[in-house]
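**Q** Quick one: sequence plus predicted model below, questions after.
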Protein chains: 2
Amino acid sequence: MATPANSSTFSGDVWAELRLADASDVPHIHALIHQMAEFELLTDLFAATHELLTSTLFPSPSRPPFTSFTALILDISPSPLPASASASSIASHRLDLSASPLADPEAAAFASPRGGGRVTAGFVICFPNYSTFLSKPGLYVEDIFVRAPWRRHGLGRMMLSAVAGKAAELGMGRVEWCVLDWNKNAIDFYEGMGAEVLPQWRICRLTGAALDKYKGNHEEGGKAAE
Amino acid sequence: MATPANSSTFSGDVWAELRLADASDVPHIHALIHQMAEFELLTDLFAATHELLTSTLFPSPSRPPFTSFTALILDISPSPLPASASASSIASHRLDLSASPLADPEAAAFASPRGGGRVTAGFVICFPNYSTFLSKPGLYVEDIFVRAPWRRHGLGRMMLSAVAGKAAELGMGRVEWCVLDWNKNAIDFYEGMGAEVLPQWRICRLTGAALDKYKGNHEEGGKAAE
């Protein structure tokens, strides 16, 4: 079967690795966020740039992972991963594609900066949140995304399991994320992983001009002792 | 009118100050979280301790405010605040109680560690969150609480306005928090402040035993390259 130009077909065993991202991953992270915005029909909210992503996700000096905004990259390798995992490796998983080869039309565009014929297939952004009732930190998963050709191979589960495992190892109290209420497949999947979907809480958001009007708000929030 | 033992009655002008908390505020923060759990009928989830609050909110070395978990205290002062605001001051507000004196039955129990006849009347816990679409940090308000006698005096608005003002000054993209869908008064109040309540997003939570089972999960999240 012919595959599009720039496409690569993966077959047999391939190896998925979830690893800490670094600044060299920013172009792919940017492109993945845009794909996610398209998937969610929210491209009107998309305002990410390479510069902002670099300065906010990879500041200097760097911070230990999971103590602030943390980006993880899902790479697919056509060859086995080194026996000794690198310091940036979070989790790995072998995929058996022998029954059905997988064509990735964007393999060239998403060539991993790590080389070795790897392609970047997804990402996670998470950061610590805090529960006052537990008086413990947790992890909030802002985004978890897998490119279309790589879905339905257990990679979302692998990524969320790895984040949950990291939170548990760090002694954190919980892992949280959001789901759209009409996304029944996602809800079933998350519940199957042991999560509860909280029915009563709603997110309130102050943004754009409505937020800016509080800048230097001396009427309500000023420091004048009067 | 007689007031209970330990009660203080406030009248005329009093001054509310929102300030950065420090470790000396932990006993009051703990008691306020417990009052909040009672208010929300969620005392079964209350597991905060002085030790955990101290180590998670006031670690050593300390972090700049609003770059990690940040606790703010609302103090009420019977005398004017110093003309030059202290470094820990976030916002202040004069309350005119001349029309109706205010009895605080717990004034003695909530004497502020800052002295000067101040009483602690509320708190805020917030921390940075992250929007990938904006590729900018924001602030998430985990809790905002005012003790019962001090409600309906604009202090909740002052506190939320101050947090929003701080986020805007820091160049952050948004401020978010949660509300219970049946709490119409709160929803009306937040919408009046310019917030939108997102109807479709639901929070997913993995906690307790369901989270612990991911600890060292080598089936899905292990590092074995197989």
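**A** Sure, I can see it.
**Q** show me where chain A has strands.
**A** Listed in chain order, the strands found in chain A under DSSP state E are A:8-10, A:13-20, A:70-77, A:89-96, A:102-104, A:119-131, A:136-146, A:174-180, A:196-198, A:201-207.
**Q** Which elements pack onto the third one?
**A** This points to strand A:70-77. Helices and strands touching strand A:70-77, by 3 or more CB pairs under 8 Å, 6 or more residues apart in numbering or on different chains; DSSP states H and E, are strand A:13-20, helix A:26-39, strand A:119-131, helix A:155-169. In short, each C-beta sits where N, CA and C put it, glycine included.
**Q** so what strands line up beside that strand?
**A** strand A:13-20 (antiparallel), strand A:119-131 (antiparallel) (DSSP bridges).
**Q** can you give me the mean pLDDT across it?
**A** The average pLDDT for strand A:70-77 rounds to 98.
**Q** how much space between A:Cys204 and B:Val175?
**A** According to CB to CB, to the nearest Å, A:Cys204 stands 9 Å off from B:Val175.
**Q** quick one, which of those two is more surrounded?
**A** Between A:Cys204 and B:Val175, B:Val175 has the larger neighbour count (other CB atoms under 10 Å in any protein chain shown), namely 27 against 21.
**Q** Please name the residues that touch A:Leu180.
**A** For A:Leu180, the set of contacting residues under the criterion of CB atoms under 8 Å, 6 or more residues apart in numbering or on different chains consists of A:40, A:186, B:200-202.
**Q** ok so, going back, just send the strands paired with strand A:70-77 back as a markdown table, with mean neighbour count and mean pLDDT too.
**A** Written out in a markdown table, the entries for these read as follows (neighbours: other CB atoms under 10 Å in any protein chain shown; pLDDT from 0 to 100):
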| stretch | mean neighbour count | mean pLDDT |
| --- | --- | --- |
| strand A:13-20 | 21 | 97 |
| strand A:119-131 | 24 | 98 |
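**Q** Out of the ones you listed, flag the one nearest A:Gln35.
**A** Comparison of those against A:Gln35 by CB to CB identifies strand A:119-131 as nearest, at 9.8 Å.
**Q** Give me the neighbour count for the nearest residue in space to A:Asp25 that is not next to it in sequence.
**A** Ranked by CB to CB, 6 or more residues apart in numbering or on different chains and with sequence neighbours excluded, the top spatial neighbour of A:Asp25 is A:Ile73, at 5.2 Å. Each residue near A:Ile73 was counted by other CB under 10 Å, and the total is 26.
**Q** OK, contacts around A:Ile73?
**A** Shown here is A:Ile73, whose contacts under the criterion CB under 8 Å, 6+ apart are A:18-21, A:25, A:28-29, A:112, A:120, A:122-123.
**Q** Now with 6 Å, please.
**A** Taking CB atoms under 6 Å, 6 or more residues apart in numbering or on different chains as the definition of contact, the neighbours of A:Ile73 are A:19, A:21, A:25, A:120, A:123.
**Q** What of A:Ser131?
**A** Applying CB under 6 Å, 6+ apart, one finds that A:Ser131 lies in contact with A:138, A:173.
**Q** Mind doing that once more with 10 Å?
**A** For A:Ser131, the contacting residues are A:137-138, A:172-174, A:176, B:45, B:47-48, B:56, B:125, B:142-143, B:205, B:207, taking CB atoms under 10 Å, 6 or more residues apart in numbering or on different chains as the criterion.
**Q** Equivalent analysis for A:Gly117, please.
**A** Residues in contact with A:Gly117, defined by CB under 10 Å, 6+ apart, are A:8, A:10, A:14, A:76-79, A:107, A:111.
**Q** ok so, going back, would you tell me which of the strands of chain A gets closest to B:Ala164?
**A** strand A:201-207 (5.7 Å).
**Q** Please name every helix or strand in contact with the closest one.
**A** Contacts of strand A:201-207 with other secondary structure elements, assessed using 3 or more CB pairs under 10 Å, 6 or more residues apart in numbering or on different chains; DSSP states H and E, are made with strand B:136-146, helix B:155-169, strand B:174-180, helix B:184-192, strand B:196-198, strand B:201-207.
**Q** Strand partners (parallel or antiparallel) of it?
**A** strand B:174-180 (antiparallel), strand B:196-198 (antiparallel).
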